[in-house]
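Visitor: one predicted model, sequence on top.
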Amino acid sequence: MREKRMKEGTVRRSALVVVILAAVVAVLVALAGCGKQPADQGASETGDQSLSGKIMIGGSTTVLPIAQAAAEQFMAANPQVRVEVQGTGSSEGIKGVSEGVLNIGDSSRELKPEESKLDLVDHKIAIDALALVVNPDNKVTNLTKKQVVDILTGKITNWKDVGGADEDIVVVGRDEASGTREFVQKDIIGEDAKFAADALALPGAGQVKATVAKTPAGIGYVGLGAVDDSVKALKVEGVAPSEATVKGDTYAYHRYLHMFTKGEPTDPTKAFLDFVLGEKFQTETVASEFVPVK
């Protein structure tokens, strides 16, 4: 009997040793996996953990939302990189990067002749397309460029003059802080022209869209990415605004948005620009308000 109990004790001890050894092996495997995790993450979409440094960005207020979103996402994936972004205007961005004050100069315009000699490299990061939107019940579907200018500046004040109902036109625009308004001012109606005296001036694309959606005689302008079923986008010179017509250069109202560097960029600036031009950022962030370049 005693011999039997001794054998049972030996078996239990042996089983316990096996359990303990298995637990030790599991812990060691887990620790080994943890040791490899940062390297694996560095090779994935989460970012390169070896990147470090500071990136200074300034310039166009139109590009500002893209730059800010990119900075937040890039820093989350690359915690050792600090990205600082300011909206100072396109000219200041170009000047800052050419003088070495900035790593990236944002611009919503092309370089002027005198700026083309500054050894700047152009990185086109989005296309800004403007859609003219009206209430879905409006019968008008197309405007000429001249009609657009005349409506926005108050020379045409009734929809019947462009094939619509006998209703006074309500121009719904943006306030003076808006980069979209600046685009309309410079590229559509002309820098010296004035908007219609009774035009509404709202702070955001959402407010413009909502106002036009509930105003039968309203017309406004928003980025192409903001257009949805609550409003109707008008054709201009017979061409509807779309990603295809913008990229095909057949739709009238669009422009490239730029990030300039002094010469070819190096890391971490290069990594940041690669991130901005990556498919994920282009399709998920840029496309929410602009037309992706890729």
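Guide: Perfect, thanks for sending it.
Visitor: only C-alpha atoms for contact and neighbour calcs from this point on.
Guide: Fine.
Visitor: please identify the helix or strand for V149.
Guide: Element membership of V149, judged by DSSP states H and E, is helix 145-152.
Visitor: could you count how many residues lie near E191?
Guide: Using other CA atoms under 10 Å, E191 has 12 neighbouring residues.
Visitor: kindly report the same for T153.
Guide: For T153, using other CA under 10 Å, the count is 19.
Visitor: tell me where the model's unsure across this structure.
Guide: 1-48 (pLDDT under 70).
Visitor: tell me which stretches of it form helices.
Guide: 2-42, 64-77, 90-98, 145-152, 179-184, 205-213, 243-247, 269-276, 279-284 (DSSP state H).
Visitor: quick check: buried residues in the shortest one?
Guide: Counting neighbours by 16 or more other CA atoms under 10 Å, one finds that the buried residues in helix 243-247 are 243, 246.
Visitor: renumber starting at 347 from here on
Guide: New numbering, starting at 347: the last item is helix 589-593.
Visitor: what sits up against it?
Guide: With contacts defined as CA atoms under 8 Å, 6 or more residues apart in numbering, helix 589-593 is touched by 473, 475, 585, 597-598, 600, 637.
Visitor: can you do 10 Å?
Guide: 473-476, 570-571, 585-586, 595-601, 633, 636-639 (CA atoms under 10 Å, 6 or more residues apart in numbering).
Visitor: return the top strand by length along the chain as PDB; C-alpha atoms alone will do.
Guide: Looking across the chain with DSSP state E, the single longest strand is strand 466-480. What follows is strand 466-480, C-alpha atoms only, in PDB (Å, rounded to 0.1, in the frame of the first residue of the first chain):
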ATOM      1  CA  LEU A 466      11.900  74.000 -55.100                       C
ATOM      2  CA  VAL A 467      10.500  70.500 -55.800                       C
ATOM      3  CA  ASP A 468       6.800  70.300 -56.300                       C
ATOM      4  CA  HIS A 469       4.800  67.500 -54.600                       C
ATOM      5  CA  LYS A 470       1.200  67.700 -55.900                       C
ATOM      6  CA  ILE A 471      -0.900  66.200 -53.100                       C
ATOM      7  CA  ALA A 472      -4.600  66.900 -54.000                       C
ATOM      8  CA  ILE A 473      -6.800  68.600 -56.500                       C
ATOM      9  CA  ASP A 474      -9.200  71.200 -55.300                       C
ATOM     10  CA  ALA A 475     -12.400  71.100 -57.400                       C
ATOM     11  CA  LEU A 476     -15.200  73.600 -56.800                       C
ATOM     12  CA  ALA A 477     -18.800  72.500 -57.400                       C
ATOM     13  CA  LEU A 478     -21.700  75.000 -57.900                       C
ATOM     14  CA  VAL A 479     -24.700  73.600 -56.100                       C
ATOM     15  CA  VAL A 480     -28.400  74.400 -56.200                       C
END
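Visitor: between it and helix 491-498, how many degrees?
Guide: Per axes from the mean of the first three to the mean of the last three CA atoms, to 10 degrees, the angle that strand 466-480 makes with helix 491-498 is 70 degrees.
Visitor: now for V429: which residues touch it?
Guide: With CA under 10 Å, 6+ apart, V429 has these contacts: 399-403, 413-414, 416-418, 420-421, 614-615, 618.
Visitor: so which of the residues you listed wins on neighbours?
Guide: I403 (29 neighbours).
Visitor: just checking, that residue touches E430?
Guide: Yes - contact status for I403 versus E430: in contact at 6.0 Å, counting by CA atoms under 10 Å.
Visitor: common neighbours of the two, please.
Guide: Joint contacts of I403 and E430 (CA under 10 Å, 6+ apart) are 413-414, 417, 448.
Visitor: same question for stretch 496-506: list its buried residues.
Guide: Those would be 496-500, 502-505, for stretch 496-506 by 16+ other CA under 10 Å.
Visitor: list the buried residues for the longest strand of the chain?
Guide: 466-480.
Visitor: for it, the distance to its chain's centre please.
Guide: Relative to its chain's centre, strand 466-480 lies at 10 Å (CA atoms, centre = their mean, to the nearest Å).
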